[in-house]
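Peer 1: no FASTA, just this:
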């Protein structure tokens, strides 16, 4: 009979309508769930980018440490330290580092980075220390050039250093590397900078020396104990 044919069709139609109504009623929930999932993925992506950045920074720091340890003589202990900023001084800038007495830091210890002399420890607290950089006008370091010409490096109120007390007969060339001479408690052979502008005075020669690093951008330094 006709009712036997219609009834199954009605049941099928009814089930389809119920499923459609059920999907439509769940659609706002599905949309909100999708939005939350997208936001969660964005957060995860941000965390991953931060982690990758941190890993790159750690690798750079580890490479610096490997370079530093590979250069230093076995008789010296190298202590890595992070910079904490500068102390304003009338004469120049004093760098603050996060290592102090508890780490074995002592006054007059040399501070370096990648075989480059940065300065000396001038004050030590329990957890921090102060470094007088070579750029400080009160800094004075005996040096020699690659060709053996001796002189004195002085800090000054600028981003460059000043080479003084060079005998007029001694050779001095632009772009020549300036190194510590090993006198006055320094280690021989630490790089200081490169000769730039040369001036011939009545009694001595002098020159402007450009440091090999930017003192304002230091993040990690190494103290020789």
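Peer 2: Structure received. On a predicted model such as this, the values are computed, not experimentally measured, just so you know. Numbers count the residues shown, from 1 in each chain.
Peer 1: Following the chain past the helix or strand harbouring residue 153, name the next helix or strand.
Peer 2: Using DSSP states H and E, residue 153 falls within strand 150-154. The helix or strand immediately downstream of strand 150-154 is strand 161-166, counting by DSSP H and E.
Peer 1: So which elements touch the helix or strand following that next one?
Peer 2: Once the chain leaves strand 161-166, the next helix or strand it forms, by DSSP H and E, is strand 177-180. Here strand 177-180 touches strand 140-145, strand 191-200, going by 3 or more CB pairs under 8 Å, 6 or more residues apart in numbering; DSSP states H and E. Heads up, the C-betas are built off the backbone N, CA and C, glycines and all.
Peer 1: Strand 177-180: which residues count as buried?
Peer 2: By neighbour count with 16 or more other CB atoms under 10 Å, strand 177-180 contains the buried residues 178-180.
Peer 1: Walk me through which strands it pairs with, and which way each runs.
Peer 2: On the basis of DSSP bridges, the sheet neighbours of strand 177-180 come out as strand 140-145 (antiparallel), strand 191-200 (antiparallel).
Peer 1: so of those strands, which one's packed in deepest?
Peer 2: Comparing the strands paired with strand 177-180 by mean neighbour count (mean count of other CB atoms under 10 Å), strand 140-145 ranks first with a mean of 21.
Peer 1: what about it, average pLDDT?
Peer 2: Per-residue pLDDT over strand 140-145 has a mean of 95.
Peer 1: and residue 133, how many neighbours does it have?
Peer 2: 23 (other CB atoms under 10 Å).
Peer 1: partner residues bridging it?
Peer 2: Applying DSSP bridges to residue 133 gives these bridge partners: residue 119.
Peer 1: and it, how far is that from residue 151?
Peer 2: 19 Å (CB to CB, to the nearest Å).
Peer 1: Please enumerate the strands of this protein.
Peer 2: 78-88, 93-97, 110-113, 116-124, 129-133, 140-145, 150-154, 161-166, 177-180, 191-200, 205-211, 220-224 (DSSP state E).
Peer 1: which residues sit in contact with the nearest residue to residue 175 once chain neighbours are set aside?
Peer 2: Leaving aside its chain neighbours, residue 175 sits nearest to residue 194 (5.4 Å; criterion: CB to CB, 6 or more residues apart in numbering). Contact analysis of residue 194 by CB atoms under 8 Å, 6 or more residues apart in numbering lists 175-178, 209-210, 212.
Peer 1: at 10 Å instead, please
Peer 2: Contacts for residue 194 were tallied using CB atoms under 10 Å, 6 or more residues apart in numbering; they are 145-146, 174-178, 207-212.
Peer 1: do the same with residue 195
Peer 2: 145-146, 149, 151, 163, 166, 172-178, 207-210.
Peer 1: mind running it again at 7 Å?
Peer 2: Applying CB atoms under 7 Å, 6 or more residues apart in numbering to residue 195 gives the contacts 145, 163, 172-176, 178, 207, 209.
Peer 1: Specify the beta-bridge partners of it.
Peer 2: residue 209.
Peer 1: okay, the helices and strands packed on strand 177-180 in a markdown table with distance to residue 225 next?
Peer 2: Shown next, in a markdown table, are these (distance: least, CB to CB, whole Å):
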| stretch | distance to residue 225 |
| --- | --- |
| strand 140-145 | 19 |
| strand 191-200 | 20 |
